[in-house]
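Chemist: Got a predicted structure plus its sequence, pasted below:
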Amino acid sequence: MGYQDTMLSQIKRIITKMGIEGAIRRYEGDKWVKRFRTKDHLTVMLYAQITGRNSLREIIHTLKVHERKLYHLGIKGFSRSTLSDSNNKRDWRIFRDIFYIMKDRLEGGGKRGFKFMNKLYLLDSTYIELSLGLFPWAVYRKRKGGIKLHTLLEGREMIPEVVVMSEARSHDLAYVDDVIRKILPDSIIVFDRGYIDYRWFGELHERGLYFVTRAKKRMEYVVSGHLPVNSLSRRRGVIEDSEIVFVDDRNIKHYPYKMRLIRFKDTETGREFEFITNNFKLSALTIAKLYKKRWDIEKFFKWIKQNLRIKSFLGTSKNAVLIQIWTALIYYLFLHYIKKQGKTSGSITFLAQIIASVIFDSVDLIEILRIKDNEGIKNLKKKNKSSPKIFS
């Protein structure tokens, strides 16, 4: 293998073959640019993500060690100011659109986990704290800054379907229509009580979308009927399955339809919950399991904050921050893509660890998918003695 077959080269080749040129042209990413074009910019930002670089200076210094390999990647020498200018001036929407191009390639074929055929989505948001002194555009509170990621996660494969970024002080409901705008009828959306709004519930119902959430403690309603609960469901925690209607005039105006309320007791913790949904087709036990599935989006947020570079930033402008976050999400999709193509059962955390350790080695991606433990990484490093110490 030659230099062009390094791990970073393969990553660049796989992503650029997904048809990202349209996104670059749409926002004139390479207009008037002779050197350090969009694909080079994306590759360098991915390198920073993969290896956890903390500053532009560190990126430039570590890449100089591999100058010849960068040349074979098609990336000619560039300075720290070139990378800084690109982060500040190249339209961040290019990186957003590349994310969605990749996401479309990943759709379908995931493990179902549930017997029903409906598309399943998990809705929530997370907050990324920013220093107001460095990021004055990201006002949150008097002494805090931040940005919020409103996310719709595909519930079977843990792939973000939609991500919308906003000021941290914005309310989740202000962006919810942008997040679910393209979701097809018969889909199921699971979310917590922070999204309860009966006007919005009515809109979801009229669009043919199902929702599952927890009931408010002082929700005013009357029981209009009871649904049967079989013995298996009772043993597993279902206490009651009821058909309800609202009695408050304002709620009736916004949501004049029947709703389902399920009382459930967690057999492990002994805690009781009340779930509400407009889905009368699935069993009460399945509805309870669906809400438990909601915690997967919390795991997703935790994973990206612990494993991706989205808590410290290489630039202070809004454009630079958004480019870095979208690059992180692109890399998250890439890890899922490789895992799916290789049909491996290993975690993406371990896959990311392997890739970081051989980023400039001539190792085939298929080869690293066969590695099962840290001993396998050591053997791979011995096999490829050309790895520089800086990445050991």
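Modeler: Ah, there it is. Here the structure is a predicted model, which is why all the values come from computation and not from measurement. Numbers count the residues shown, from 1 in each chain.
Chemist: Distance-wise, check the closest residue to residue 267 other than its chain neighbours relative to residue 191.
Modeler: Leaving aside its sequence neighbours, residue 267 sits nearest to residue 237 (C-beta to C-beta, 6 or more residues apart in numbering; 5.1 Å). Where C-beta positions appear, they are placed from N, C-alpha and C, glycine not excepted. In this view, residue 237 and residue 191 are 21 Å apart by C-beta to C-beta, to the nearest Å.
Chemist: element containing residue 40?
Modeler: helix 38-51 (DSSP states H and E).
Chemist: and that helix, what does it pack onto?
Modeler: Counting contacts by 3 or more C-beta pairs under 8 Å, 6 or more residues apart in numbering; DSSP states H and E, helix 38-51 is packed against helix 7-16, helix 56-64, helix 80-89, helix 93-106, helix 318-342, helix 348-357.
Chemist: and residue 23, which of those is closest to it?
Modeler: Closest to residue 23 of those, according to C-beta to C-beta: helix 93-106, at 3.6 Å.
Chemist: Can you give me the buried ones in that closest one?
Modeler: Of all the residues in helix 93-106, those buried under the rule 16 or more other C-beta atoms under 10 Å are 93-103, 106.
Chemist: now for that helix, which elements pack on it?
Modeler: Looks like helix 93-106 contacts helix 21-26, helix 38-51, strand 159-167, helix 318-342 (3+ C-beta pairs under 8 Å, 6+ apart).
Chemist: As TSV, the ones you listed with mean neighbour count and mean pLDDT would be great.
Modeler: Converted to TSV, the helices and strands packed on helix 93-106 look like this (neighbours: other C-beta atoms under 10 Å; pLDDT from 0 to 100):
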stretch	mean neighbour count	mean pLDDT
helix 21-26	15	96
helix 38-51	23	96
strand 159-167	19	95
helix 318-342	21	94
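Chemist: Out of these, the one nearest residue 263 is which?
Modeler: Short answer: strand 159-167, nearest of these by C-beta to C-beta, at 30.6 Å.
Chemist: Just the CA atoms from that closest one would do, formatted as PDB, please.
Modeler: Taking C-alpha atoms only, strand 159-167 is exported to PDB below (Å, rounded to 0.1, in the frame of the first residue of the first chain):
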ATOM      1  CA  ILE A 159     -29.000   7.700  13.900                       C
ATOM      2  CA  PRO A 160     -29.900  11.400  14.100                       C
ATOM      3  CA  GLU A 161     -32.800  12.000  11.600                       C
ATOM      4  CA  VAL A 162     -32.800  15.800  12.100                       C
ATOM      5  CA  VAL A 163     -30.600  18.200  14.100                       C
ATOM      6  CA  VAL A 164     -31.500  21.800  14.500                       C
ATOM      7  CA  MET A 165     -29.100  24.200  16.400                       C
ATOM      8  CA  SER A 166     -30.300  27.300  18.200                       C
ATOM      9  CA  GLU A 167     -29.600  29.700  21.000                       C
END
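Chemist: Give the other helices and strands that that strand contacts.
Modeler: helix 93-106, strand 145-154, helix 172-180, helix 318-342.
Chemist: In the stretch 201-350 of the chain, what residue spans correspond to strands?
Modeler: 210-214, 221-226, 238-246, 259-265, 272-277 (DSSP state E, counting those that start in this stretch).
Chemist: Which neighbouring elements make contact with the first one?
Modeler: When contacts are defined as 3+ C-beta pairs under 8 Å, 6+ apart, strand 210-214 packs onto strand 188-190, helix 198-206, strand 272-277, helix 284-293.
Chemist: what residue is smack in the middle of this protein?
Modeler: Centroid-nearest residue in the chain, with C-alpha atoms, centre = their mean: residue 160, separated by 4.0 Å.
Chemist: Look up which residues are beta-bridged to it.
Modeler: residue 153 (DSSP bridges).
Chemist: Residue 285 versus that one, what's the distance?
Modeler: Relative to residue 285, and taking C-beta to C-beta, residue 160 is found at 28 Å.
Chemist: now swap in residue 134 and tell me
Modeler: 49 Å.
Chemist: likewise residue 106?
Modeler: 30 Å.
Chemist: got any ranges where this protein has weak pLDDT?
Modeler: Applying pLDDT under 70 to the chain flags residues 1-4, 108-112, 373-392.
Chemist: residue contacts, residue 351?
Modeler: 335, 338-339, 344, 368-369 (C-beta atoms under 8 Å, 6 or more residues apart in numbering).
Chemist: Likewise for residue 135?
Modeler: Here residue 135 is in contact with 145, 316, 318, 321 (C-beta under 8 Å, 6+ apart).
Chemist: Surely residue 173 touches residue 197?
Modeler: Yes: between residue 173 and residue 197 there is a contact under C-beta atoms under 8 Å: 5.6 Å.
Chemist: what residues go with each domain of the protein?
Modeler: Domain segmentation of the chain under automatic domain parsing yields 3-100+315-391, 211-283.
Chemist: what's the neighbour count on the residue nearest to residue 267?
Modeler: As a burial measure, residue 237 scores 21 neighbours (other C-beta atoms under 10 Å).
Chemist: does it really touch residue 266, like I thought?
Modeler: Yes: with contact defined as C-beta under 8 Å, residue 237 counts as touching residue 266 (6.1 Å).
Chemist: hang on, the earlier thing: can you redo the helices and strands packed on helix 38-51 as a markdown table, where the extra columns are distance to residue 276?
Modeler: Conversion of the helices and strands packed on helix 38-51 to a markdown table gives the following (distance: least, C-beta to C-beta, whole Å):
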| stretch | distance to residue 276 |
| --- | --- |
| helix 7-16 | 42 |
| helix 56-64 | 49 |
| helix 80-89 | 45 |
| helix 93-106 | 30 |
| helix 318-342 | 31 |
| helix 348-357 | 34 |
